[in-house]
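In: After the sequence you'll find the predicted model.
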Amino acid sequence: MWYSKTRNRCLSREVADDRAPGFPARGTARQLASISQLAPGRLVLGAGVGGEDRSEVSNSGDAVDHQGEFFELTAARIKPAPSPPVPVVIGGKGDAAVRRAARYGDGWLAIFCSARRFAQTREQIAEAAAELGRPVPPWYGVNVWCGLDADAAQARSLLARQMEGLYHLPFGKFERLAPAGTPAQVAEQLAPYLEAGAEHITLIPAAASPEAGVERAAAVRALLG
């Protein structure tokens with residue numbers, strides 16, 4: 001799990017479910033409800049753009065019937081229901097993400113997104129939700145790859161190596177949206193996201209060791225306030 005900086009002082013847990021659409025929805029809901037009992041109010045479910053089906057079975061506790069493209073449910077319910085409910089935040093970008101976040105989501109989770117575009121998309125989601133007669137989703141966050149080291153050049157090298165190994169693309173494709181440097185330098189580059197309305201910033205750190213990543217991510221969090 002990535003290291004998270006939020007404006008709340010408690011540590012939250014974000015779970016991104018990238019399993020195939022055929023994975024039983026009832027089983028996923030049961031797992032989420034169980035996790036939420038261990039840490040009430042600290043679990044967030046991130047959903048990608050793989051489909052339009054969303055069921056309230058994991059939150060309401062009431063019986064749910066659902067007929068969708070990927071799965072069907074008949075009188076499905078989870079007891080005890082999570083309290084508070086588990087927020088479902090939609091990932092992705094573009095019109096599809098705006099539409100799904102406005103119609104189904106409790107918020108939006110961005111990645112590889114500038115602060116300016118983040119603010120614009122947040123406004124678009126609010127407008128689309130209002131048109132649908134839904135409350136404006138309250139949860140907005142961004143995932144950010146970052147290189148962290150006492151030496152800025154080393155931080156960039158660590159980040160480039162990790163991202164190029166994962167994505168098989170030159171680091172230059174990501175560099176504008178993937179800050180690298182000391183914790184102070186990275187915090188400075190992340191500050192515009194707070195101004196754009198990102199209340200949750202999840203760092204994906206590249207560092208000399210996992211321990212160094214934790215330590216320096218914590219320093220970024222402290223600098224952001």
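Out: On my side now, so go ahead.
In: switch to C-alpha atoms for all contacts and neighbour counts from now on
Out: Noted.
In: Assign a three-state SS to Trp145, would you?
Out: strand (DSSP: H, G, I helix; E, B strand; the rest coil).
In: how near is it to Pro205?
Out: 6 Å (Cα to Cα, to the nearest Å).
In: The two: which is more packed in?
Out: Neighbours per residue (other Cα atoms under 10 Å) separate Trp145 from Pro205, with Pro205 holding more: 28 against 23.
In: Tell me the helices and strands packed up against the one helix or strand Arg116 maps to.
Out: Taking DSSP states H and E as the definition, Arg116 sits inside helix 115-132. Using 3 or more Cα pairs under 8 Å, 6 or more residues apart in numbering; DSSP states H and E, the elements in contact with helix 115-132 are helix 94-104, helix 183-195.
In: which helices and strands sit right next to the last one?
Out: Under the contact criterion of 3+ Cα pairs under 8 Å, 6+ apart, the helices and strands touching helix 183-195 comprise helix 115-132, strand 139-148, helix 210-224.
In: What residues sit buried inside the first one?
Out: To tie it back to what came earlier, the one meant is helix 115-132. 115, 118-119, 121-122, 124-129 (16 or more other Cα atoms under 10 Å).
In: try stretch 37-53
Out: By 16+ other Cα under 10 Å, the buried positions in stretch 37-53 come out as 37, 40-48, 53.
In: residue contacts, the residue sitting nearest the centre point of the chain?
Out: For the chain, the residue nearest the mean C-alpha position is Leu109 (4.1 Å; Cα atoms, centre = their mean). By Cα atoms under 8 Å, 6 or more residues apart in numbering, the contact list for Leu109 reads 46, 89-92, 140-143.
In: For Ala219, give me the pLDDT.
Out: Looking at Ala219, its pLDDT is 97.
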